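Novice: A structural model of the following input is requested.
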Amino acid sequence: MNDIIDTVARNAWGEARGCGASGMQRVINVIVNRADNPRWWGTDLVSVCLAPEQFSCRDADDKNLPQLLAVTDTDPQFRIALALAAQAVNGTLKDLTNGADSYYAGNSLVPDWAKGKLTTMIDNCHRFYRLELPAPGSVEV
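Specialist: Numbering: from 1, shown residues only. Take a look at the predicted model:
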């Protein structure tokens, strides 16, 4: 299996497996949006996924990390994540986040970085934001 697809799929599964296919797709959208706009968060899909303290599912103290590392394609949600990740790698995954570069779990306290910021969209699991990327259609200088 392609290591890039596997890494992206694990992040999507780890962050949003309880949010259905569209929830996992939105997590992947953020990963792609970041990789398409290299910054401190990484320069490609894998470095974005593995950037320290960016995706809680990868945190060493996350109780779900062992599951994330052990999941296989026998898990139906992981199979969906793999298919979505393959679309992302092939450049055919539609962005459902309106260009978001950040998000947090909607049932948690609002993190300091999100206070006073406008969301790009809200689903049943997460709130999505465009914090560092220019508005769609604008030119970065």
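Novice: now K94: which helix or strand?
Specialist: Per DSSP states H and E, K94 falls between elements, in no helix or strand.
Novice: ok, it - contacts?
Specialist: Residues in contact with K94, defined by CB atoms under 8 Å, 6 or more residues apart in numbering, are Q25. Heads up, the C-betas are built off the backbone N, CA and C, glycines and all.
Novice: now it: how far from G42?
Specialist: Using CB to CB, to the nearest Å, K94 is found at 22 Å from G42.
Novice: so what pLDDT did the spatially most central residue of the chain get?
Specialist: The residue lying closest to the centre of the chain (CA atoms, centre = their mean) is V27, at 2.8 Å. Here the pLDDT value assigned to V27 is 98.
Novice: I figured it hits A9, correct?
Specialist: No: with contact defined as CB atoms under 8 Å, V27 and A9 do not form a contacting pair (10.2 Å).
Novice: the residue nearest to the centre of the chain in helix, strand or coil?
Specialist: helix (DSSP: H, G, I helix; E, B strand; the rest coil).
Novice: so who does it touch?
Specialist: V27 neighbours (CB under 8 Å, 6+ apart): N11, A12, E15, A16, Y103, H126.
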